[in-house]
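Asker: Mind folding the following:
(one chain, ligands or ions: 2)
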Amino acid sequence: MTNAATHSTVAPSTSKPRITAGERAGIPPRRMDFEFAEETTRYWYGNNAFLTTFWATLSALFPEGETFFVDSVKNYRHMITDPTLKDQVSGFIGQEAMHSKEHETFNAMAEKHGFPTDKLDKELGVLFKVVRKFVPKKMQLAVTVALEHYTAILAEQLLREDIHQDMFSDPEALKLWMWHALEENEHKIVAYDVYEVAGGGYFTRVATMLIATLVFAVVVTQGHMRLLWADGSLFKWKENWKGLKFLWGWKGLFPRLAKQYFDFYRPGFHPNDHDTVQLLDDWREKMLTEGGMLADQIKNPSRPATV
Ligand SMILES: [Fe+2]
Ligand SMILES: [Fe+2]
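Answerer: Residues are numbered from 1 along each chain as shown. Ligands and ions are numbered 1, 2, ... in the order given. Now for the predicted structure:
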């Protein structure tokens, strides 16, 4: 057979762009490729060791944490019949996978500064291995629902309050955290809705939140202390006091989250009760349009289907 004959059998290509399930659901996984320069400021948040190591601790926990979130949702994928929720789950999985990848890059930068983020992530991996083995799957999903609530409300604060943008002194770090914050809010309902499909009830949801809060507090506090120790800053009282007040003082970061956190304990609560529609529209505009914060990251400019 001649080449010409072969070519004649090729079907003409359609010009319709391929839309992924995540894009259809408004939860598009966006491919990012952040690069942190050698000379990235050591204390990139508020020029403060305490606060920088706090965020670095959270970042250290993301790769293992988000892998666990994805797995706990995947456990119930077979029960989902609603096509919209199916698409949302695909978007959720894609977004979280990309977050893990990018926070690994961020954590490698922190490692170069001598912060043992890798150790924290590995230890969390061991903890989740135990959870996967001994905790019922429905409760594993409830853990994800609880921790996704944390990430959603913290991310909302990052997007809503200008103070955070002023505190980030490294532009690449700012992009990473704001992009992650945007997507956490785009997919904030997914684990919750899958939990409902799985027949998860109120009691397990709130009991798991209580336990997850305690465990999360211990994991983050000990990790944070270890990063501070590695930095030689554990006993720098003045600076640490300043950081502690920023997080826990009157109108500090956590007290400002209290109302939203406790909303979770209300029967009938749903993550969409916290209205972030306009906020996300504003940030997509700010980040994804031409000349926006993430313009250099959008790999395929023909597909900013997200704006
Ligand atoms: Fe995430
Ligand atoms: Fe998430």
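Asker: got the residues of the stretch 1-150 of the chain near ligand 1?
Answerer: Taking C-beta under 5 Å from the ion, the part of the stretch 1-150 of the chain that reaches ligand 1 is made up of 66, 96, 99. All C-beta atoms are positioned from the backbone trio N, CA, C, and that covers glycine.
Asker: quick one, what contacts the residue nearest to residue 127 when sequence neighbours are not counted?
Answerer: Closest residue to residue 127 apart from its sequence neighbours, by C-beta to C-beta, 6 or more residues apart in numbering: residue 219 at 7.4 Å. Under the criterion of C-beta atoms under 8 Å, 6 or more residues apart in numbering, the contact list for residue 219 reads 61, 124, 127.
Asker: Residue 245 now?
Answerer: Applying C-beta under 8 Å, 6+ apart, one finds that residue 245 lies in contact with residue 252.
Asker: where does it land in three-state SS?
Answerer: Under the three-state scheme (DSSP: H, G, I helix; E, B strand; the rest coil), residue 245 adopts helix.
Asker: For PyMOL, what selects the buried ones among the contacts of residue 219?
Answerer: Buried residues among the contacts of residue 219 (16 or more other C-beta atoms under 10 Å), as a PyMOL selection:
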select buried, resi 61+124
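Asker: Quick check: of the contacts of residue 219, which lies closest to ligand 1?
Answerer: Sorting the contacts of residue 219 by distance to ligand 1 puts residue 61 at the head of the list, at 11.0 Å, by C-beta to the ion.
Asker: Any buried residues in the host helix or strand of the closest one, and which?
Answerer: In this assignment (DSSP states H and E), residue 61 forms part of helix 49-74. Neighbour-count burial for helix 49-74, with 16+ other C-beta under 10 Å as criterion, is recorded at 49-73.
Asker: From the contact counts, what lies against that helix?
Answerer: Applying 3 or more C-beta pairs under 8 Å, 6 or more residues apart in numbering; DSSP states H and E, one finds that helix 49-74 contacts helix 83-112, helix 117-134, helix 137-160, helix 190-197, helix 202-231, helix 237-248.
Asker: Could you pull up the residues touching the residue of the stretch 1-150 of the chain found nearest ligand 1?
Answerer: Taking C-beta to the ion, ligand 1 has its nearest neighbour within the stretch 1-150 of the chain at residue 99, 3.6 Å off. Under the criterion of C-beta under 8 Å, 6+ apart, the neighbours of residue 99 are 62, 66, 180, 183.
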